[in-house]
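Asks: Need a 3D model of the following:
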Amino acid sequence: MVLGFSIALIVFSLLLMLLVLMHKGKGGGLSDMFGGGMQSSVGGSSVAERNLDRITLVVGLLWAACIVVLGIMLKTNS
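Replies: Model prediction:
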């Protein structure tokens with residue numbers, strides 16, 4: 001059971017990194033340093049960006065839930 005949640009945590013971690021890197025820079029910070037601030041926004045966020053936000057939020061919640069469950073499982077096994 002611990003092995004399954006550990007594997008799930010690794011998968012969710014990699015997926016979360018990929019999803020965060022896919023987000024468009026909002027201006028300010030490191031995204032401007034690499035040329036992200038040179039683009040002008042045409043107005044609002046598209047449907048794809050909103051869906052990416054939702055998917056990132058769900059994966060982040062699943063990642064956090066895996067950490068909590070693993071912590072509880074490892075604490076009860078000790």
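Asks: Could you report the pLDDT at the closest residue to Phe12 other than its chain neighbours?
Replies: Across the structure, with C-beta to C-beta, 6 or more residues apart in numbering as the measure, the residue nearest Phe12 apart from its sequence neighbours is Trp63 (4.1 Å). No exception for glycine: its C-beta is placed from N, CA and C like everyone else's. In this model, Trp63 is scored at 97, pLDDT.
Asks: And Trp63, which helix or strand is it part of?
Replies: helix 47-77 (DSSP states H and E).
Asks: what stretches of the protein score poorly on pLDDT?
Replies: Within the chain, the ranges that satisfy pLDDT under 70 run 26-45.
Asks: Nearest the middle, which residue of it would you pick?
Replies: Here the mean C-alpha position of the chain is nearest to the C-alpha of Leu16 (C-alpha atoms, centre = their mean), at a distance of 3.2 Å.
Asks: so the helix or strand where that residue lies versus helix 47-77, what angle?
Replies: Leu16 belongs to helix 2-22 when elements are defined using DSSP H and E. What separates the directions of helix 2-22 and helix 47-77 is an angle of 150 degrees, with axes from the mean of the first three to the mean of the last three C-alpha atoms, to 10 degrees.
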